[in-house]
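Chemist: Only the shape, not the letters, is given here:
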């Protein structure tokens, strides 16, 4: 099932961010021309994502809730969800609505675009 497959990819991505291995994970997962649109108004290309994650502090834990799948084609889908993440010693938690656009290439899901929209308190 596509929803389960993409949720597994998202969980592996978040886990890599908790283990400080996000640069390697997203460097492999993202398409060469992929982008991440982040809550602070940044639009990062693949190399900028890798560079930023090399210096990013690890998350201590996270939650993915309310997942929704939009299948655009057999080879392209959008996964949208509410994400919450915590870092040790930081308050409040990071909360955002997130969407990831995936494209299947050579039998593997690859990240084309990721966007965060902050959830107001």
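Modeler: Yep, that arrived. Here the structure is a predicted model, which means the values were calculated and not measured. Numbering: from 1, shown residues only.
Chemist: Phi first, then psi, for residue 92.
Modeler: Torsion angles at residue 92 (phi, psi; degrees, to the nearest 10) stand at phi -90, psi 180.
Chemist: Relative to the whole chain's centre, how far out is stretch 32-41?
Modeler: 10 Å (CA atoms, centre = their mean, to the nearest Å).
Chemist: can you list contacts of it?
Modeler: For stretch 32-41, contacts defined as CB atoms under 8 Å, 6 or more residues apart in numbering pick out 30, 42-46, 49, 96, 110-118. The C-beta positions use only the backbone N, C-alpha and C, and glycine is treated the same way.
Chemist: Then stretch 12-26?
Modeler: Residues from elsewhere that reach stretch 12-26 (CB under 8 Å, 6+ apart): 29, 46, 49-51, 53-54, 56, 58-62, 64, 83, 85, 111.
Chemist: Equivalent analysis for stretch 64-73, please.
Modeler: With contact meaning CB under 8 Å, 6+ apart, stretch 64-73 is reached by 2-3, 6-7, 10-11, 14, 77-84.
Chemist: rerun that using 10 Å as the cut-off
Modeler: With contact meaning CB atoms under 10 Å, 6 or more residues apart in numbering, stretch 64-73 is reached by 1-7, 10-11, 14, 76-85, 97-99, 101-104.
Chemist: mind checking how far the helix or strand of the chain with the lowest mean pLDDT is from the chain centre?
Modeler: Counting by mean pLDDT, DSSP states H and E, the weakest-scoring helix or strand in the chain turns out to be helix 46-55, with a mean of 95. Computed by CA atoms, centre = their mean, the chain-centroid distance of helix 46-55 equals 13 Å.
Chemist: got the contact list for it?
Modeler: If you take CB under 10 Å, 6+ apart as the criterion, helix 46-55 is touched by 16-17, 20-36, 38, 42, 44-45, 56, 111, 114.
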